[in-house]
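Asks: When you get a sec, could you give me coordinates for this:
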Amino acid sequence: MSEARVLIIEDNDALRVVLFTVLRHPPLGVDTATSIEEAMEKVRSCDYALILVDMDLPDGDSEEFLRRFHDFRPDATSFILAVRNPRTEEILQPGMVSAIANKPLEIDTLADGVRECAVVVPPPEDPLPCPASESDVRSEVERDEYPTN
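Replies: Numbering: from 1, shown residues only. Have a look, this model is predicted:
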């Protein structure tokens, strides 16, 4: 069985790097996106067990990503975790997300939840042929740069 894939959609560089670093080890393959357009590009080429989406993206309404994702992949089995500022008045449409996490995040707790959810989400019946994940590519580069004896 192939590894579960996670997509992190986060525009904050520091938070995106921390989440990637914490989650990038097996059994997960991790990809990142900083915008709605980049995220749509990724979901067109790969099935994700879990999508972690920042609801405060600057390039547009994050709900637009959720609508476009559900229109493009209505039968997707992805678990959608929306991360939001609890002080916003944002109301999400029912069925758009699987769970909501409020900022500020406790990274270790979030990472544990993401890992647990991602590995139990059933893969789609007809999965897309995903390219290598960013975490796999990063691991390959690190192995080449730091050979072991």
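
Asks: what's residue 101 in contact with, if anything?
Replies: When contacts are counted by C-beta atoms under 8 Å, 6 or more residues apart in numbering, residue 101 is found next to 81-84, 110, 113. No exception for glycine: its C-beta is placed from N, CA and C like everyone else's.

Asks: ok, 6 Å please
Replies: Listed by C-beta atoms under 6 Å, 6 or more residues apart in numbering, the contact set of residue 101 reads residue 83.

Asks: cool, residue 51 as well?
Replies: Taking C-beta under 6 Å, 6+ apart, we find residue 51 in contact with 7, 78, 80.

Asks: is it possible to export those to CSV including neighbour count and distance to residue 123?
Replies: Formatted as CSV, the entries for the contacts of residue 51 read as follows, by neighbours: other C-beta atoms under 10 Å; distance: C-beta to C-beta, whole Å:
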residue, neighbour count, distance to residue 123
7, 25, 15
78, 21, 10
80, 22, 16
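
Asks: Which helix or strand contains residue 77?
Replies: Using DSSP states H and E, residue 77 sits in no helix or strand.

Asks: separation between it and residue 25?
Replies: As for residue 77, its distance to residue 25 is 23 Å (criterion: C-beta to C-beta, to the nearest Å).

Asks: and if you look at residue 8?
Replies: Noted for residue 8: a distance of 14 Å to residue 25, by C-beta to C-beta.

Asks: Settle it for me: which of the two has more neighbours?
Replies: residue 8 (28 against 12; other C-beta atoms under 10 Å).
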